[in-house]
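Asker: sequence first, then the predicted structure:
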Amino acid sequence: MANNENQNSKITRRSFISSFATFIVAAPMLLSVRNLFAAKEVPPPPGLKPVEETNSIANAFGYKKDASKVDASKFNNYKAGNNCSNCRHYSPLNEGWGKCKMMMALGPVTAGGWCKNWAKK
Ligand code: SF4
């Protein structure tokens, strides 16, 4: 009986060590796969200071750097999928940033941003 318990204990310890070793090997691989699917953040064009959401004009326009963060209850003209990159007032500067005719003097806006002046291209 005691021998049997000891054997079960060894099996449990062995399976624990095996599971732990699997975790140690798999964890870095899972992190690598996750990083592959993480959105790449494109830096703003060199020398240009991006529009901040806290700027009084940007704030009055309801500008968000990330359109998915727009409070649709406040802006009933917001529709998912609308963002600066598909707005008439946007001219791309690089993959992630562009000039906005409505906030030209404030600096570049994000391609994935949005404000209440959005107009279809
Ligand atoms: S006017 Fe268009 S390009 Fe400019 S911030 Fe608003 S949604 Fe973006």
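Answerer: Arrived safely, thanks for sending. Numbers count the residues shown, from 1 in each chain.

Asker: mind listing what Leu106 touches?
Answerer: 51, 55, 57-58, 100 (Cβ atoms under 8 Å, 6 or more residues apart in numbering). In short, each C-beta sits where N, CA and C put it, glycine included.

Asker: what do you get for Ala80?
Answerer: Contacts for Ala80 (Cβ under 8 Å, 6+ apart) come out as 67-68.

Asker: next, work out how far apart it and Ala67 are.
Answerer: 8 Å (Cβ to Cβ, to the nearest Å).

Asker: who in this structure is up against the ligand?
Answerer: Within the chain, the positions adjacent to the ligand are 63, 84, 87, 89-90, 100, 102-103, 109, 113-115, 117-118 by Cβ under 6 Å from any ligand atom.

Asker: at 8 Å what do you get?
Answerer: 51, 58, 61, 63, 82-84, 87-90, 98, 100-103, 109, 113-119 (Cβ under 8 Å from any ligand atom).

Asker: now restrict these to buried residues only.
Answerer: For the residues of the chain next to the ligand, a burial check counting by 16 or more other Cβ atoms under 10 Å picks out 51, 58, 61, 63, 82-84, 87, 89-90, 98, 100, 102-103, 109, 113-115, 117-118.

Asker: tell me which element Ser91 is part of?
Answerer: strand 90-92 (DSSP states H and E).

Asker: what sits up against that strand?
Answerer: In contact with strand 90-92 (Cβ under 8 Å, 6+ apart) are residues 84-85, 98-101, 109, 111, 121.

Asker: switch the cut-off to 6 Å
Answerer: Strand 90-92 has contacts (Cβ atoms under 6 Å, 6 or more residues apart in numbering) with 84, 98-100.
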